[in-house]
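Trainee: Just the structure for this:
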Amino acid sequence: MSMSTNANGNGECIRTKKVGIIGGGAAGLATARAFLRENERNQNTNYDVTVLESCDSIGGIWKYEDQTATQKNRPMYRDLRTNLPKELMAYREFPWGSDGEASYVTHKDVLEYLEAYASKFDLLKCINFGSSVKQLTVLGDEEISLEWATSTDENGNVKIHQETFDNVCVCNGHYALPAIPKMKGLDTFHGEIIHAIEYDNAQPYAGKTVLCVGAKPSGLDISREIGLVAKHVYLSDSACDKMQTFGNVSLMPRMQSIDENGWVHFSSPRSFEEHVADDIDAIVFCSGYDYDFPFINEASNLELRFTPGERRVQPLYEQTWHAGHPSVSFIGIPHSIVPFPLCEIQAAAVVSQTRQQINGIPLPCLSDRLAAASEDAASGGPNGTRVQDTHNLASHQWDFCRKLAKISGDYDDEMEQFIATNKAIYDRSGKERKSMIPGGEDLYRETRFRRDDENQSYEILYSKTGTESIV
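Mentor: Numbers count the residues shown, from 1 in each chain. Take a look at the predicted model:
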C-alpha cells in the first residue's frame with residue numbers, strides 16, 4: 001500500500017493517502033478540490049493528490065481548439081453556447097452569475113470559469129499536464145498502479161511513468177468515442193458523413209441539404225445553426241411520428257436506411273407512413289458517444305464492462321464506485337444532468353469513504369454492492385426503459401444528489417436549498433428550451449436568471465419568451 005503515517009504538531013498520527021485523478025476537466029477539478037478541502041478540514045488525514053491530464057491545459061471538452069485544418073476530435077464547436085444557464089451550471093462552492101449579464105454563455109466563458117475555479121482553490125499545483133494514462137492495474141484493495149506517458153521532445157519520444165495510489169478517481173469524461181448507429185446502406189451514400197464531434201461551424205453547408213440524425217440538445221443546436229445557411233435541413237428524431245416542416249427545417253421520424261440510389265428512408269414504428277429524401281448532400285450524426293476507458297483492459301485486474309452501443313458501465317455502485325473495488329471510482333458517468341454540481345457532490349461522497357472515520361453513511365458490504373450494481377445495470381435506468389438509459393438521470397438527478405450528499409454527510413438545509421433551487425431553474429430552462437420549434441429563433445438563450453436559494457426559486461431578470469417574470 002502507498003499510504004504512509006506521520007505525526008502532526010500535536011503528536012497525533014497523520015495518515016497520508018495518495019490519490020490519482022485521471023482527467024483535468026470539470027469532473028477532475030471538482031474531485032481534486034474535494035480531496036484538498038478535506039486536508040483543510042481534517043488535521044489527521046492528508047491526501048497527496050495527483051491529477052493526470054493528457055492535454056497542456058485544464059478544461060477538458062470546454063477547451064476549444066480551431067481544428068478546421070486537421071481532423072477535429074473534440075466536441076466543442078466554434079459558436080457553441082451553453083443550453084443551461086450559468087447560475088445552474090456553477091459548482092456550489094464557486095457561484096457564477098446572477099449579475100444581470102447573459103445566463104447562457106460561450107465555451108470561452110465556461111473555460112474561464114473553470115480556470116478561475118482552479119486558481120481560487122490552487123488546483124494547478126496538483127496537475128501533471130501532457131500526461132496520457134496508458135494503464136490502470138489493481139494490485140490490492142487500496143493499491144492501484146497507474147502508468148502514464150509524457151512527451152520528452154518535439155519528435156514524439158515519450159517517457160513512461162508509474163506510480164501506486166491508494167485511491168484512483170476516473171474523470172476522463174464521455175465525449176471522446178463517437179457513437180454512430182449501424183445503418184443499412186450507409187456505405188451507399190454519395191455525400192459527406194460526419195459525427196457531431198467533427199462539426200465546427202455551418203459555413204461548409206451553405207446552400208446544401210443536410211440531414212442531422214438525433215434531436216437531443218446537440219442535434220437541435222447544430223441543425224438550427226446549419227439551417228441559417230443551408231438550403232434545407234432534415235432533423236431525424238426517433239420520437240417523431242410524421243414529417244413536420246418549420247421554415248427550411250423538417251422534423252423527420254427515425255432514419256431507417258439508405259437505398260442503392262443513396263436516398264434516405266424515414267419511418268416510425270407508430271406510423272405506417274414512410275418518407276424518402278433524395279436530395280441530401282451531407283449527414284451529421286448527432287448520436288452521442290460511447291463510454292471509453294482505454295487504460296482499463298484484461299491486464300487491469302478490474303472487471304469493468306462498457307460495450308460500445310450499450311452506453312452502460314458496470315458494475316458500478318450508485319453509478320460512482322466500482323462495486324468490487326471501491327477504491328476505484330468514476331466521477332461524471334451520469335448524463336442528461338447538470339454536470340458541475342453533480343460531479344462536486346459525487347466527489348465529496350467519494351472522499352467521505354476514504355476517511356478514517358466516516359461522518360455520513362458507509363458503503364455496504366461487497367455482496368450488497370455487487371447485487372445493487374447488477375440490479376442497476378439491468379434496470380434500464382431510473383425510468384426502466386432501455387440499456388442505453390442506464391445512466392440517464394434527467395429528473396432523477398436531484399434525488400441522486402440528495403442520496404450522495406447523505407452518504408458524504410453533507411446533506412443539510414443549505415444543501416437542500418441548493419439542490420431544490422437547481423431543480424427549479426433546470427425545470428424552467430428546460431420548459432423554455434423545449435418550447436422552441438426546430439430551426440426557430442433561439443429565444444430561450446436570452447433569458448437571464450438570478451438565484452434565490454433561500455426560497456428555493458429564482459428571479460427572471462430578462463426574457464424574450466413572453467412568460468411570467470418571477471416564479
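Trainee: Show me the shaky parts of the protein.
Mentor: For the chain, the stretches flagged by pLDDT under 70 are 1-13, 67-70, 466-471.
Trainee: redo that, cut-off 50
Mentor: 469-471 (pLDDT under 50).
Trainee: quick one, helices of it?
Mentor: Using DSSP state H, the helices of the chain run over residues 26-41, 86-89, 107-120, 217-227, 339-352, 366-378, 397-408, 413-434.
Trainee: Among those helices, single out whichever gets nearest to Ala323.
Mentor: helix 366-378 (3.8 Å; CB to CB). To be clear about C-beta, it is placed using only N, CA and C from the backbone, and glycine gets the same treatment.
Trainee: Show residues contacting that closest one.
Mentor: In this structure, residues lying in contact with helix 366-378 by CB atoms under 8 Å, 6 or more residues apart in numbering are 312, 314-319, 321, 323-324, 326, 363-364, 390.
Trainee: Would you check that Gln314 makes contact with Thr307?
Mentor: No. The criterion here is CB atoms under 8 Å, and Gln314 misses it with Thr307 at 9.4 Å.
Trainee: Show me which of the two is the more surrounded one.
Mentor: Gln314 (19 against 12; other CB atoms under 10 Å).
Trainee: Would you quantify the distance from the more buried one to Phe293?
Mentor: According to CB to CB, to the nearest Å, Gln314 stands 12 Å off from Phe293.
Trainee: Likewise for Arg33?
Mentor: Counting by CB to CB - Arg33 and Phe293 are separated by 23 Å.
Trainee: Tell me which of these two has more neighbours.
Mentor: Arg33 (25 against 19).
Trainee: which residues does that one contact?
Mentor: Going by CB under 8 Å, 6+ apart, the list of residues near Arg33 reads Glu93, Tyr117, Phe121, Leu123, Glu344, Ala347.
Trainee: Repeat that for Leu251.
Mentor: Ala215, Leu235, Asp237, Cys240, Met243, Gln244, Thr245, Pro438.
Trainee: gap between the two ends of stretch 135-149?
Mentor: 10 Å (CA to CA, to the nearest Å).
Trainee: same thing with stretch 91-99?
Mentor: First-to-last residue span, stretch 91-99, CA to CA: 16 Å.
Trainee: If you count neighbours, what's buried in it?
Mentor: Using 16 or more other CB atoms under 10 Å as the test for burial, stretch 91-99 gives Tyr91, Arg92, Phe94, Trp96, Gly97, Ser98.
Trainee: how much space between the closest residue to the third one other than its chain neighbours and Ser238?
Mentor: This points to Phe94. Nearest non-adjacent residue to Phe94, counting by CB to CB, 6 or more residues apart in numbering: Tyr117, 5.0 Å away. Applying CB to CB, the value for Tyr117 to Ser238 is 37 Å.
Trainee: thinking again about what came up before, identify the contacts common to Gln314 and Phe293.
Mentor: Leu304, Phe306.
Trainee: Output the contacts of Leu251 in TSV; the columns should cover distance to Glu147.
Mentor: Shown next, in TSV, are the contacts of Leu251 (distance: CB to CB, whole Å):
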residue	distance to Glu147
Ala215	41
Leu235	44
Asp237	43
Cys240	47
Met243	53
Gln244	53
Thr245	54
Pro438	47
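Trainee: dump the residue contacts of Lys120.
Mentor: Phe94.
Trainee: scratch that, Tyr104 is what I was asking about
Mentor: Here Tyr104 is in contact with Arg81, Thr82, Asn83, Leu84, Pro85, Lys86, Tyr444, Arg445, Glu446, Thr447 (CB under 8 Å, 6+ apart).
Trainee: 7 Å instead?
Mentor: Arg81, Thr82, Pro85, Arg445 (CB atoms under 7 Å, 6 or more residues apart in numbering).
Trainee: Look up phi and psi at the residue nearest to the last one when sequence neighbours are not counted.
Mentor: Distances taken as CB to CB, 6+ apart put Tyr104 closest to Arg445, at 4.0 Å, once the chain neighbours are dropped. For Tyr104, the backbone dihedrals (degrees, to the nearest 10) come out as phi -100, psi 120.
Trainee: CA atoms only for stretch 46-57, dumped as PDB, please.
Mentor: Below are the C-alpha coordinates for stretch 46-57, written out as PDB (Å, rounded to 0.1, in the frame of the first residue of the first chain):
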ATOM      1  CA  ASN A  46      -3.500  14.200   4.400                       C
ATOM      2  CA  TYR A  47      -4.300  13.500   0.700                       C
ATOM      3  CA  ASP A  48      -1.400  13.700  -1.700                       C
ATOM      4  CA  VAL A  49      -3.300  14.400  -4.900                       C
ATOM      5  CA  THR A  50      -2.000  13.900  -8.500                       C
ATOM      6  CA  VAL A  51      -4.200  14.900 -11.500                       C
ATOM      7  CA  LEU A  52      -3.100  13.400 -14.800                       C
ATOM      8  CA  GLU A  53      -4.200  15.500 -17.700                       C
ATOM      9  CA  SER A  54      -3.400  14.500 -21.300                       C
ATOM     10  CA  CYS A  55      -3.600  18.000 -22.700                       C
ATOM     11  CA  ASP A  56      -1.500  21.000 -21.900                       C
ATOM     12  CA  SER A  57      -4.200  22.900 -20.000                       C
END
